[in-house]
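Student: coordinates for the following, if possible.
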Amino acid sequence: FLNDVYSNNIQKPLTCTRNQKLSSIMEMLLNGHHKHVWVVDDENRPISAVSLSDIINRMQGINEDLQSRALAVYGRKTMKQLFSTKVLISGINGLGAEIAKNVILANVNSVTLHDTKK
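Tutor: This next block holds a predicted model:
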């Protein structure tokens, strides 16, 4: 399918290991025009994916002016955990939409929505 869509111009996915320097990962992302770098283990199996926005969000930390209320409710440790959390919500009916809204407002790293109903 992807070969048909991209006319055999599929780029090989970028990979890195856990011990690779952040600067080299950012350079790969910027120079390769990729959206993600796959973090792989010693046997070249994917463990996770990292995007440039993940790196930027991690480096920015907590904006105390913008997020003072959430910081007061959650605390600094929980806010840092929320920044690194990736959420998948499956089933976007009435309740799923409300849950998605609240999770997004909690300022998590990323939210993926999945719904099979048309």
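
Student: quick one: the strands in the chain?
Tutor: Applying DSSP state E to the chain gives strands spanning 14-16, 36-40, 46-51, 86-90, 110-114.

Student: quick one: contacts for L82?
Tutor: 74, 106-109 (CB atoms under 8 Å, 6 or more residues apart in numbering). From N, CA and C alone the C-beta is placed, and that goes for glycine too.

Student: ditto for N107
Tutor: Taking CB under 8 Å, 6+ apart as the test, what N107 contacts is 67, 70, 79, 82-83.

Student: now the buried members of these.
Tutor: 70, 79, 82-83 (16 or more other CB atoms under 10 Å).

Student: S84 contacts S110, correct?
Tutor: No. S84 lies out of contact with S110 (CB atoms under 8 Å); the separation is 10.0 Å.

Student: okay, I47: pLDDT?
Tutor: I47 is assigned 86 on the pLDDT scale.

Student: how many other residues sit next to it?
Tutor: 10 (other CB atoms under 10 Å).

Student: skip the chain neighbours and tell me the closest residue to it.
Tutor: V39 (4.9 Å; CB to CB, 6 or more residues apart in numbering).

Student: list the residues that contact that neighbour.
Tutor: 15-18, 46-50.

Student: can I get those in CSV including distance to N31?
Tutor: Below are these laid out as CSV (distance: CB to CB, whole Å):
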residue, distance to N31
T15, 15
C16, 13
T17, 18
R18, 21
P46, 21
I47, 23
S48, 21
A49, 18
V50, 15
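
Student: quick check: ChimeraX command selecting the buried ones in those.
Tutor: Buried subset of these, written as a ChimeraX selection, criterion 16+ other CB under 10 Å:
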select :16,50
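
Student: any idea how far N109 is from G94?
Tutor: Distance of N109 to G94, computed by CB to CB, to the nearest Å: 25 Å.

Student: the two: who's more crowded?
Tutor: Just comparing N109 and G94: by other CB under 10 Å the higher neighbour count belongs to N109, 16 against 7.

Student: number of nearby residues for Q81?
Tutor: Residues lying near Q81 (other CB under 10 Å) number 13.
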